[in-house]
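J.: any chance you could fold what I've pasted below:
(one chain, ligands or ions: 1)
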Amino acid sequence: MSFPQRRLRRLRRSAALRRLVAQTRLSVDDLVAPLFIRQGITEPQPISSLPGVCQHTLDSLRAEVATLVELGVPACILFGIPEHKDSVGSQAWDPQGIVQVALRHLRQAFGTKIVLMADLCVDEYTDHGHCGVVDANGEVDNDQTLELYAKAAVAQARAGADVIAPSGMMDGQVGAIRQALDGAGFAQIPILAYSAKYASAMYGPFRDAVGVTISGGGDRKAYQQDFHNSREAMEEIRLDLAEGADMVMIKPAMTYLDIISQARTAVDVPLAAYHVSGEYAMLKAASANGWIDGELAAVETLTAIKRAGADFILTYLAAEVAHYLNQQETKAGDNQ
Ligand code: PBG
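T.: Purely as a prediction, here's the structure:
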C-alpha cells in the first residue's frame, strides 16, 4: 500500500539516514557548565539534592574546568559561596571575594581556552537571602541594589570574567551594569541577561548548593516573573536589549519551551536557556531509581531545549552530556 506518510517513514530507516535529515543537533559547543566555588573549605563538598555536583575548592574547581576544556565545553558560569554573609552582600564585589579569586585563578590556568561567565547577584552573599538591599518594610529596594550590581560587575570584569550574567531581576540592572563596565574600561565585556526569569519551584537544589534561605519564609515573586504569563517575558527581553544586553536568557527551560520559542522569533541575539537545578534533580532521581534511562533522557531534554530555539544551554549535565556526545561522534565515525 502506498500511504503519503511512507515518505516520512522512509527517512527513518537507519541511524545514518536519521543523522542525515536531523534538523536539530545538540553539540558540545552548546553547553555551559554551572560551577560552585566555596570559600573556606579544604575538600569539595557534595550537594545531596544535586547528585554529581559539588561545592568546589580552588583546586577541585581547576580540575573540573580542566575536564571541561578537555571535553570541549566552551563555557562555564561561576557561583560563589562566601564564608561570611552580610546585609548588602559585600563579598560580591570584594576583590578577595571567592568568585573574584576563582576568576583570577582560572584565567591564569586556562587563558582563553574556556569562556568564564560570572553570575551576578547578591543572594548568595546576603544574610537575608534576597537578591538586593532590603528596606525598612522588608521590600527589596531596586534602585539601591543597582549600585551594588554595578560594583560587582566591575569587580568580576577586573578579576577576568569574559561575560557578566546578571540574574537578580532588578529593573534597569542591565543598563546600570553596562554603564559601570564602560566607565571602568570594560566596554568589550558582553552581558548575558537573565531576562525572563520565572519565580520557580525548580530552584530548590540550587539554594541548597549556595546555602540560601530567604528570611521569614519569603520568596522572590515580587521581582521574578509569574509563571502564568508569557507576554511579559518578551517585554522583559526587549527592555534588556534596549538597555544593552548582548545575549538574553530564559529560565527555567523544560517548562518554558513556549517562551524560548517565542523569544527565538522575536529577537536575533544569542538566546540562552538555563536547565536549572530542580530539572536536573528530577532527571537524576528518576534515573537513580531505574525509572528512566538518564543518559538518553538528558540528551532528549537538551535537544528539545535547542529545538525550541535556544542557542546554548546552561546545565549541570554539561560534562556528562559532552562526554556522551563525543563518544557518539567517535562511533558514527567508526561506522563510515
Ligand atoms: C539567583 C539565581 C538562582 C539560580 C541562579 N541564579 C536562584 C534563585 O533565583 O533563587 C537558580 C539556578 C538553578 O536552580 O539551577 N542568584
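J.: tell me which element M282 falls in.
T.: Under the criterion of DSSP states H and E, M282 resides in helix 277-288.
J.: E83 too?
T.: Going by DSSP H and E, E83 is not in any helix or strand.
J.: where's it relative to the ligand, distance?
T.: 18 Å (CB to the nearest ligand atom, to the nearest Å). Glycine gets a C-beta too; all of them are placed from N, C-alpha and C.
J.: in contact with that residue, which residues?
T.: 39-40, 98 (CB atoms under 8 Å, 6 or more residues apart in numbering).
J.: let's go with 7 Å and repeat that
T.: Neighbour list for E83: 39-40 [criterion: CB atoms under 7 Å, 6 or more residues apart in numbering].
J.: for A63, give its distance to the ligand.
T.: Using CB to the nearest ligand atom, A63 is found at 22 Å from the ligand.
J.: same question for the one helix or strand that residue maps to: list its buried residues.
T.: If you go by DSSP H and E, A63 is part of helix 58-71. Buried positions in helix 58-71, judged by neighbour count with 16 or more other CB atoms under 10 Å: 58, 60-62, 64-65, 68, 71.
J.: same question for stretch 142-159.
T.: Neighbour count says stretch 142-159 has 142, 145-146, 148-159 buried, by 16+ other CB under 10 Å.
J.: returning to that earlier point: which strands and helices sit next to the helix holding A63?
T.: If you count contacts as 3 or more CB pairs under 7 Å, 6 or more residues apart in numbering; DSSP states H and E, helix 58-71 packs onto strand 31-38, helix 98-110, helix 318-334.
J.: now mean pLDDT, mean neighbour count and distance to the ligand too, for the ones you listed, in a markdown table please.
T.: Compiled in a markdown table, the helices and strands packed on helix 58-71 are given as follows (pLDDT from 0 to 100; neighbours: other CB atoms under 10 Å; distance: least, CB to the nearest ligand atom, whole Å):
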| stretch | mean pLDDT | mean neighbour count | distance to the ligand |
| --- | --- | --- | --- |
| strand 31-38 | 98 | 25 | 6 |
| helix 98-110 | 98 | 20 | 12 |
| helix 318-334 | 91 | 15 | 12 |
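J.: those: which one's closest to Y198?
T.: strand 31-38 (17.3 Å; CB to CB).
J.: now for the helix or strand that that closest one is followed by, which elements pack on it?
T.: Per DSSP H and E, the first helix or strand lying C-terminal to strand 31-38 is strand 45-46. For strand 45-46, the elements it packs on are strand 54-56, judged by 3+ CB pairs under 7 Å, 6+ apart.
J.: partner strands of the strand it packs on, parallel or antiparallel?
T.: strand 31-38 (parallel), strand 45-46 (antiparallel) (DSSP bridges).
J.: identify all contacting residues around the last one.
T.: In this case it means strand 45-46. Outside strand 45-46, the residues that touch it by CB under 7 Å, 6+ apart are 38, 54-55.
J.: report the contact partners of the residue in the stretch 1-150 of the chain positioned nearest to the ligand.
T.: The ligand sits closest to C121 of the stretch 1-150 of the chain, with a gap of 3.4 Å, by CB to the nearest ligand atom. Neighbour list for C121: 131, 167-168 [criterion: CB under 7 Å, 6+ apart].
J.: if we use 10 Å, what do you get?
T.: Taking CB atoms under 10 Å, 6 or more residues apart in numbering, we find C121 in contact with 79-80, 89, 92, 130-132, 145, 148-149, 152, 165-170, 173, 194, 210, 212.
J.: just want the phi and psi numbers for it.
T.: phi -160, psi 170 (degrees, to the nearest 10).
J.: wait, L20 touches L11, no?
T.: Yes. Counting by CB atoms under 10 Å, L11 is a contact partner of L20 at 8.1 Å.
J.: between those two, which one's more packed in?
T.: Between L20 and L11, counting by other CB atoms under 10 Å, L11 is the more crowded of the two (12 against 9).
J.: for that one, which non-adjacent residue is spatially closest?
T.: V21 (5.2 Å; CB to CB, 6 or more residues apart in numbering).
J.: do L116 as well
T.: L116 sits nearest to D162 (CB to CB, 6+ apart), 5.0 Å away.
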